[in-house]
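from the sequence below, what's the structure:
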Amino acid sequence: MTDQVLILGGRGRVGSSVAQDIVTHTRSQIVITSRNLTAGEAVSAQLGDRVQFLEMDLADTTNLKNAIASSNLVIHCAGPFHHRDAEVLQLCIEQGVNYLDVSDHRSFTRKALAYRTSAENAGVTAIINTGIFPGISNSMVRQCAEQLDEPERIHLSYLVGGSGGAGITVMRTTFLGLQHPFEALIDGKWQEIKPYSDREVIQFPPPYGRAGVYWFDMPEAVTLPETFPVKTVITKFGSVPDFYNHLTWIAAHWFPKKLLQQPRAVEFLSRVSHLMTDVTNPFSGIGVAVRAEVTGRKAGQNAGYCATVLHNNAAIATGLGTGAIAQLLLAKELIKPGVWAVEQALPTDLFKQTLASRGLTIHQEQLE
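From the prediction side, this is the model:
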């Protein structure tokens with residue numbers, strides 16, 4: 001029988017990129033959902049005959065439950081995830097359906113991880129935080145950490161050109177991430193960090209070169225210390241062109257916190273930012289670069305490894321990361337009941353194999 005894949009939020013640019021990857025690399029039938037009937041049908045038509053559209057509001061639990069029951073795999077792409085609950089995951093566990101998502105916020109990550117035992121008992125493999133970052137980035141860390149006897153410090157840097165080829169939801173995610181300080185593990189202690197602080201200039205591969213990145217709240221700051229015995233995890237993000245970084249810094253440090261916590265203000269800033277990237281995208285591109293550096297001890301000596309990856313479209317790169325794991329789950333090459341972050345579930349050999357089939361290469365080198 002043909003596998004049935006349900007992609008919640010599949011009309012959006014990230015969700016449709018996930019659908020396109022699954023169409024390309026599997027024989028599955030796919031259902032994408034959205035609240036917008038006209039736009040959803042247009043996207044499904046573009047994706048081909050194996051993709052159908054289902055109008056759905058995630059608040060309609062009855063329809064959601066019925067759609068999940070008809071599926072072999074559910075992929076949750078309906079962000080932002082800052083205020084999402086884990087109902088979709090819970091329904092998948094209840095009905096024995098495997099689950100993926102592209103979540104990117106630690107509050108949702110903690111909610112999802114709380115269902116690990118329930119998923120394990122139900123025989124459901126649920127992998128969260130898939131995509132490019134988090135997602136491919138986590139597996140890059142694993143690839144580097146496996147070269148060391150004792151990994152001690154992880155430094156992740158992300159750089160996105162303009163809008164990254166994604167929709168306005170990504171802009172909302174950025175401004176929501178500026179609302180509150182967050183905790184990061186530094187030298188073995190959890191410390192409070194101000195969002196978009198401590199600018200650092202990082203060397204990325206061409207065409208980006210040296211670019212500024214800033215502290216940003218990411219869920220891998222929580223899952224990586226759970227996975228590896230490290231003392232420090234740093235997650236930093238930056239934009240191209242650089243003036244977007246300065247505007248974001250101003251929003252994070254000069255705007256009143258109460259303003260940033262107003263939904264209307266977040267929506268206004270998101271829409272203005274998206275309009276601005278429409279102007280600059282032709283010059284900056286919409287690509288993504290990820291740099292993962294892991295240092296520690298090997299054979300009793302200090303050692304470190306660095307991995308980098310590039311793609312010319314951040315939204316498509318997210319689709320590749322999630323689609324690759326979907327392919328493995330559908331082929332039953334990856335079976336790990338429970339709820340897991342990517343680096344906890346995906347072996348490095350399968351990670352490299354699936355990315356290579358998509359023409360995406362991870363470049364790794366030993367640090368001097």
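
gap between the closest residue in space to residue 146 that isn't next to it in sequence and residue 139?
Distances taken as C-beta to C-beta, 6 or more residues apart in numbering place residue 348 nearest to residue 146, at 6.2 Å, with adjacent residues excluded. (Glycine included, C-beta is placed from N, CA and C.) From residue 348 over to residue 139 the distance is 7 Å, taken as C-beta to C-beta, to the nearest Å.

which secondary structure element contains residue 183?
Element membership for residue 183, per DSSP states H and E: strand 182-186.

buried sites along that strand?
When burial is assessed from 16 or more other C-beta atoms under 10 Å, strand 182-186 yields the following buried residues: 182, 184-185.

as CSV, these with distance to residue 236 would be great.
Shown next, in CSV, are the buried residues of strand 182-186 (distance: C-beta to C-beta, whole Å):
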residue, distance to residue 236
182, 13
184, 10
185, 14
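
can I get these in TSV including pLDDT and distance to residue 128?
TSV is the format used below for those (pLDDT from 0 to 100; distance: C-beta to C-beta, whole Å):
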residue	pLDDT	distance to residue 128
182	96	18
184	97	19
185	98	19
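
closest to residue 125 out of the residues you listed?
Residue 125 has its nearest neighbour among the buried residues of strand 182-186 in residue 185, at 27.3 Å by C-beta to C-beta.

now do the contacts for the closest one.
191, 221, 225, 230-233 (C-beta atoms under 8 Å, 6 or more residues apart in numbering).

could you redo the last one with a cut-off of 10 Å?
Under the criterion of C-beta atoms under 10 Å, 6 or more residues apart in numbering, the contact partners of residue 185 comprise 153-154, 191, 221-222, 224-225, 230-234.

go ahead and confirm residue 20 touches residue 318.
No. With contacts counted by C-beta atoms under 10 Å, residue 20 stays clear of residue 318, the gap being 11.2 Å.

coming back round to it: just the buried ones from the contacts of residue 185?
With neighbours counted using 16+ other C-beta under 10 Å, the contacts of residue 185 contain these buried positions: 153-154, 221-222, 224-225, 230, 232-234.

now, those that are in strands?
In strands, judged by DSSP state E, the following of the buried ones among the contacts of residue 185 are found: 153-154, 232-234.

which elements pack onto the host helix or strand of residue 277?
Element membership for residue 277, per DSSP H and E: helix 263-284. The contact analysis (3 or more C-beta pairs under 10 Å, 6 or more residues apart in numbering; DSSP states H and E) places helix 263-284 against strand 150-161, helix 168-176, strand 232-240, helix 243-253, helix 257-260.

tell me the buried residues in it?
265-266, 269-270, 273-274, 276-277, 280, 284.

redo these as TSV? Include pLDDT and distance to residue 255.
Rendered in TSV, the data for the buried residues of helix 263-284 read as follows (pLDDT from 0 to 100; distance: C-beta to C-beta, whole Å):
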residue	pLDDT	distance to residue 255
265	92	8
266	91	11
269	91	9
270	91	14
273	92	13
274	90	18
276	93	17
277	94	19
280	93	22
284	92	24
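
which parts of this protein belong to which domain?
In the assignment given by automatic domain parsing, the structural domains of the chain cover 4-131+315-361, 133-311.

tabulate those in CSV, adding columns for distance to residue 368.
Below are these laid out as CSV (distance: least, C-beta to C-beta, whole Å):
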stretch, distance to residue 368
domain 4-131+315-361, 22
domain 133-311, 9
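
deepest of the ones you listed, which one?
Scoring the domains of the chain by mean neighbour count under mean count of other C-beta atoms under 10 Å gives domain 4-131+315-361 as the most buried, with a mean of 21.

what's the first-to-last distance across it?
The separation between the terminal residues of domain 4-131+315-361, taken as C-alpha to C-alpha, to the nearest Å, is 29 Å.

cool, stretch 35-53 as well?
When the end residues of stretch 35-53 are compared by C-alpha to C-alpha, they are separated by 10 Å.

ok, stretch 42-52 next?
In terms of C-alpha to C-alpha, the two terminal residues of stretch 42-52 are separated by 10 Å.

ok, residues contacting that stretch?
In this structure, residues lying in contact with stretch 42-52 by C-beta under 10 Å, 6+ apart are 2, 4-5, 7, 10-13, 15-16, 19-20, 22-24, 26-34, 36, 40-41, 53-54.

low pLDDT regions in the chain?
For the chain, no stretch has pLDDT under 70.

quick check: most distant residue from the centroid of it.
The C-alpha centroid of the chain is most remote from residue 300, which lies 34.6 Å away (C-alpha atoms, centre = their mean).

I figured that residue hits residue 148, correct?
No. The pair residue 300 / residue 148 is not scored as a contact, 11.6 Å apart, by C-beta under 10 Å.

which of the helices and strands packed on helix 263-284 sits closest to residue 323?
When the helices and strands packed on helix 263-284 are ranked by distance to residue 323, counting by C-beta to C-beta, first place goes to helix 168-176 at 18.3 Å.
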